[in-house]
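J.: would you be able to build a 3D model of this:
(one chain, ligands or ions: 1)
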Amino acid sequence: MDSKYASIGREKPKITNDLTVKRLKLCVNNANTKKDKEQTNNGAASNNKLENNFSKENTEDLKEARKSLPVYLVRARIIEEIKKHDTMILIGETGSGKTTQIPQLIHEHRLEGKSCVAVTQPRRVAAITLALRVAAEMNTDIGSIVGYSVRFEDVTSPRTKVKYLTDGMLLREAVSDPLLKKYSVIVLDEAHERTVNTDVLFGIVKLAQKERNGQKQNPLKVIVMSATMDVDSFRKYYDNCPVIYLEGRTYPVTIYHSKIKHEDYQYAAICTIFQLHTTTPANEDFLVFLTGQEEIETVMTNIKQIAKETVGPQIRVCPLYAGLPAAKQLLVWKKTPPGMRKIVLATNIAEASVTIPEIRYVIDTGVVKERTWCTRTGAERLSVVPCSQAASWQRAGRAGRTAPGASYRLYTATDFKCRRQHNLPEIVRCPLTSTVLMLIATGLDPATFPLIDTPPKDSIHAALLLLKELGAVDNESNPKLTVLGKKLTAFPIDPKYAKILLCAPEYGCLEEVILMERIKH
Ligand SMILES: Nc1ncnc2c1ncn2[C@@H]1O[C@H](COP(=O)(O)OP(=O)(O)OP(=O)(O)O)[C@@H](O)[C@H]1O
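T.: Okay, the predicted model is just below:
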């Protein structure tokens, strides 16, 4: 693994591995408040409950909490580096304060000037909860100085200076403004995730930066961040930009590996939950990683049934998966009353960036549902596969954020060592129809667009063929967007489904199609 693991603590030969607290070391490798509420767009209302949870903490306590974070302790050096370099990579351990503190520091030093700092997140739940946390830390209303923008919800205003948004939303903004002129600093967070959107965004931002420098426009600063990324590839991609390693974490996390291989990880997860439940105090909450809604529902039913016959604190089970309505997702952040235990059953949407305050124990099944597709038939497939080592470290990093914690890996240490170090980039295993359409709409050539990893030639060709068949582009060799193509880019969904939606009224089946879309998303 990259040097991050030297910081986080390497595995010891025994089953238990402490991710010990290390003292800070920063090394550079290179060679108000209450206004504007009414101006914010709709959407904040749906998060009122969550906002209340976040603002309950007293401002003085939040200030003190900030001061203890590794990033805060070396803030002067970090700001100096940001001022010095147009592009940099920042590697800091999970929970060190990268995502919540660095944008605030940039704003405190007014480095964004008259523009704004954008912080991208692969997932909407992370973008929303981070914005709420930072707004609380800055003692300001959400949608004012600090805002967020996710699909179907824009909680920002003309005063917004720190904006958390999903990478998909920034990509959409790039279609109408390829130079991303609204922003003077773009923080690309959780770079290790390697979703198609993040990979394309890396290229868009790189091109925008070059172009703005060439045109002597307001320069664009780019900061790429993660705890577990493949530094070498990124550094090469960003023309050998400096890499800053930040050591230190808030609290230690102990890693336990299973001694035996489990045939049934759901069963193993339930056994671990109840072993821990009967031996640990209430209000020390659990986060269990599973692969999808169905599995989460099955495990939830089992837990509820077993809990009736088990001693131990009262249990509240909270599911967390992408398809869950926002209000239910937010229950995860609701504090449990004294004497109770919260058990969060989540997919990998809780794997990076999020802080669920009382989580002490992570139960990591070691699997994830991964999307692949067949270029020949165009059929997509979701399969359950072992997650990468980087994902395991991210999962462990959801504990140890507000108190010491532990991660129970339901796979052996040998199994862990055999896994791929980093996530396989989506761009090499997923269909690229939306991406290719978006690039054409932005005026970019999909064949020459700079990507960290080159997708298989077949994928781009298949995407162009499909777009031609849909009538979104005029031809495959030198594609230009048609009127229909332009309409399709307005939908934040796959062009195939966008066309079905557009055509539905003609066939009198709009309601059915909308229902189908709602089920899909
Ligand atoms: N909602 C919250 N409630 C309580 N504490 C929080 C919350 N959000 C952040 N924190 C505190 O701030 C710390 C830093 O969080 P931040 O998200 O900035 O870390 P990070 O370095 O970006 O982590 P990661 O790499 O896991 O995304 C957390 O470890 C936690 O102590």
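J.: state the mean pLDDT of stretch 100-117.
T.: When pLDDT is averaged over stretch 100-117, the result is 96.
J.: show the end-to-end separation of that stretch, please.
T.: Using CA to CA, to the nearest Å, the gap from the first to the last residue of stretch 100-117 comes to 12 Å.
J.: now tell me what touches it from outside.
T.: When contacts are taken as CB atoms under 8 Å, 6 or more residues apart in numbering, the neighbours of stretch 100-117 outside the stretch itself are 66, 69, 71-72, 75, 78-79, 82-83, 90, 119, 130, 133-134, 137-138, 145, 160-164, 181-187, 218, 221, 223, 225. Heads up, the C-betas are built off the backbone N, CA and C, glycines and all.
J.: list the buried ones in it?
T.: The neighbour-count criterion (16 or more other CB atoms under 10 Å) identifies 100-107, 111-112, 115-117 as the buried residues of stretch 100-117.
J.: so which of the contacts of stretch 100-117 belong to strands?
T.: Counted as lying in strands by DSSP state E, out of those, are 90, 119, 162-164, 183-187, 221, 223, 225.
J.: returning to that earlier point: show me which of the contacts of stretch 100-117 are buried.
T.: By the neighbour-count criterion of 16+ other CB under 10 Å, the contacts of stretch 100-117 include these buried positions: 66, 69, 71-72, 75, 78-79, 82, 90, 119, 130, 133-134, 137-138, 145, 160-164, 183-187, 221, 223, 225.
J.: which of the residues you listed are close to the ligand?
T.: Restricting the buried ones among the contacts of stretch 100-117 to those adjacent to the ligand (criterion: CB under 6 Å from any ligand atom) gives 69, 133.
J.: show me what residue of the stretch 401-521 of the chain gets nearest to the ligand.
T.: With CB to the nearest ligand atom as the measure, the residue in the stretch 401-521 of the chain that lies nearest the ligand is residue 401; the distance is 3.4 Å.
J.: please name the residues that touch that residue.
T.: So residue 401 contacts 94-95, 250-251, 355, 357, 359 (CB under 8 Å, 6+ apart).
J.: so residue 458, which state does it fall into?
T.: Using DSSP: H, G, I helix; E, B strand; the rest coil, the secondary structure recorded for residue 458 is helix.
J.: relative to residue 464, how far out is it?
T.: Separation of residue 458 from residue 464 (CB to CB, to the nearest Å) stands at 11 Å.
J.: neighbour count winner among those two?
T.: Higher neighbour count among residue 458 and residue 464: residue 464, with 23 against 11, using other CB atoms under 10 Å.
J.: element containing the residue of the stretch 401-521 of the chain closest to the ligand, please.
T.: Secondary-structure element containing residue 401, defined by DSSP states H and E: none, the residue being outside all helices and strands.
J.: neighbours of the nearest residue to residue 484 once chain neighbours are set aside, how many?
T.: What sits nearest to residue 484 in space, not counting adjacent residues and going by CB to CB, 6 or more residues apart in numbering, is residue 471, at 4.9 Å. Number of residues near residue 471 (other CB under 10 Å) recorded here: 13.
J.: ok, the residue in the stretch 251-400 of the chain that the ligand sits nearest to - contacts?
T.: Proximity of the stretch 251-400 of the chain to the ligand (CB to the nearest ligand atom) peaks at residue 355, 3.5 Å away. Residues in contact with residue 355 (CB under 8 Å, 6+ apart) are 95, 129, 133, 398, 401-402.
J.: one more time with 6 Å, if that's ok
T.: Residues touching residue 355, when contacts are defined by CB atoms under 6 Å, 6 or more residues apart in numbering, comprise residue 401.
J.: elements contacting whichever strand or helix holds residue 467?
T.: Element membership for residue 467 (DSSP H and E) is helix 457-470. Judged by 3 or more CB pairs under 6 Å, 6 or more residues apart in numbering; DSSP states H and E, helix 457-470 is in contact with helix 433-441.
J.: list the buried residues of stretch 269-286.
T.: Those buried within stretch 269-286 under the rule 16+ other CB under 10 Å are 269-270, 272-274, 276-277, 280, 282-286.
J.: what's around residue 95, how many residues?
T.: Summarising burial for residue 95: neighbours were counted as other CB under 10 Å, giving 25.
J.: how close does the residue nearest to residue 292 when sequence neighbours are not counted get to residue 151?
T.: Computed as CB to CB, 6+ apart, the closest residue to residue 292 that is not its neighbour in sequence is residue 369, at 5.3 Å. Computed as CB to CB, the residue 369 to residue 151 distance reads 20 Å.
J.: pLDDT below threshold where in the stretch 401-521 of the chain?
T.: Low-confidence segments of the stretch 401-521 of the chain, defined by pLDDT under 70, span residues 519-521.
J.: would you state the strands of the stretch 201-350 of the chain in chain order?
T.: 221-226, 243-246, 253-257, 285-289, 314-320, 340-346 (DSSP state E, counting those that start in this stretch).
J.: mean pLDDT lowest where, among the ones you listed?
T.: Across the strands of the stretch 201-350 of the chain, strand 243-246 has the smallest mean pLDDT, namely a mean of 92.
J.: does that one reach the ligand?
T.: No: judged by CB under 6 Å from any ligand atom, strand 243-246 stays clear of the ligand, getting no closer than 8.6 Å.
J.: going forward, the N-terminal residue is numbered 652.
T.: Noted, 652 is the first residue going forward, which turns the last one into strand 894-897.
J.: may I have the strands that pair with that strand, each with its orientation?
T.: Strands that pair with strand 894-897, judged by DSSP bridges, come out as strand 677-680 (antiparallel), strand 738-743 (parallel).
J.: and the ones you listed, which one's lowest on average pLDDT?
T.: That would be strand 677-680, which, of all the strands paired with strand 894-897, carries the lowest mean pLDDT at a mean of 40.
J.: just to revisit the earlier point, list the buried residues in the helix holding residue 1118.
T.: Neighbour counts over helix 1108-1121 (16+ other CB under 10 Å) mark 1110-1115, 1117-1119, 1121 as buried.
J.: for stretch 938-948, give me every contacting residue.
T.: Applying CB under 6 Å, 6+ apart, the external contacts of stretch 938-948 come out as 920, 970, 972, 974, 995-996, 1010, 1013-1016, 1018, 1020, 1035, 1046, 1049.
J.: one more pass at 8 Å, please.
T.: In this structure, residues lying in contact with stretch 938-948 by CB under 8 Å, 6+ apart are 917, 920, 924, 950, 970-972, 974-975, 994-999, 1001-1002, 1007, 1010, 1012-1016, 1018-1020, 1033, 1035, 1046, 1049-1050.
J.: which residues are contacting the helix holding residue 1118?
T.: The set of residues external to helix 1108-1121 that reach it, using CB under 8 Å, 6+ apart, is 1026, 1029, 1081-1084, 1086-1088, 1091, 1097-1098, 1124-1127, 1130, 1135-1136, 1139, 1146-1147, 1150.
J.: next SSE after that helix?
T.: Next in sequence after helix 1108-1121, counting helices and strands by DSSP H and E, comes helix 1134-1140.
J.: which other helices and strands contact the helix or strand following that next one?
T.: If you walk from helix 1134-1140 toward the C-terminus, the next helix or strand you reach (DSSP H and E) is helix 1146-1154. Under the contact criterion of 3 or more CB pairs under 8 Å, 6 or more residues apart in numbering; DSSP states H and E, the helices and strands touching helix 1146-1154 comprise helix 1084-1092, helix 1108-1121, helix 1134-1140, helix 1161-1171.
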